[in-house]
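Enquirer: Sequence and predicted model, in that order:
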Amino acid sequence: MFNFLSVQRRKIQQGFTIMELMVSVAILGIITAIAMPSLSEFRVKMRVDNEIAQLQRMVLTARNTAVNLGQNVTLCPLNGSNICINNWEGELSVFVDLDQDNIFEPGAVPAEVLIKVKRAINTADTLNYAAVTRITFTPTGLLANGLNGTFSYCPNGNNNLNRAVVVSPSGRTYQSIDTDNDGEDEERDGTAITCP
């Protein structure tokens, strides 16, 4: 015979008690408290890696455009008057610089073309590129000034996560790596990456 009362009791006994629920919440809180510092550093590392990858793509875009179009192409931060300035932390632009004057002139004849724009970096972080206001590639893909240059990216308060992109005179780019396995990237010669 079917016992309706025993079926009802089994349904009532399923689920968590208030004590079990409180213990579960406490354990979840402890695990979250332990994981938060690691999660914060992970987010900064991801931001730095993303910025370095974008910088390298910007440089490669400038170089490839110079070769493909047979024109000088400039990568630089532009001010409000479209003049190259030495503020690498701001918005970066790649443009065809026909008259090689370090000024983006879309209204000139023939018009200079804006190829790509990269947004400014996180306001608390630092990005340096020597003391120059621009990088110009010739139609052969070489740097116009013929000198090595290094982008140094330093996230605020996380010097162990500093990264760099080196631009060689041949126009090739190299990302920094951890050469001595100490958990921090170094330049190709083994020196630490620093931002003034």
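Expert: Good, I have the coordinates.
Enquirer: Phi, psi for the residue nearest the centre of the chain please.
Expert: Centroid-nearest residue in the chain: Glu51, 0.6 Å away (criterion: Cα atoms, centre = their mean). As for Glu51, its main-chain torsions (degrees, to the nearest 10) stand at phi -60, psi -40.
Enquirer: Now for it: which residues touch it?
Expert: By Cβ atoms under 8 Å, 6 or more residues apart in numbering, Glu51 lies in contact with 121-122, 125, 127, 153, 163. Where C-beta positions appear, they are placed from N, C-alpha and C, glycine not excepted.
Enquirer: repeat for Ala62
Expert: Counted by Cβ under 8 Å, 6+ apart, Ala62 has contacts 73-75, 94, 115, 135, 137.
Enquirer: Among those residues, which are located in strands?
Expert: Among the contacts of Ala62, DSSP state E puts 73-75, 94, 115, 135, 137 in strands.
Enquirer: Can I have the buried ones of those residues as a PyMOL selection?
Expert: Written as a PyMOL command, the selection of buried residues from the ones in strands among the contacts of Ala62, which uses 16 or more other Cβ atoms under 10 Å, is:
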select buried, resi 73+74+75+94+115+135+137
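Enquirer: what ranges do the strands span in this structure?
Expert: Secondary structure of the chain by DSSP E: the strands cover 73-77, 92-96, 114-118, 126-129, 135-137, 149-154, 163-167, 173-175.
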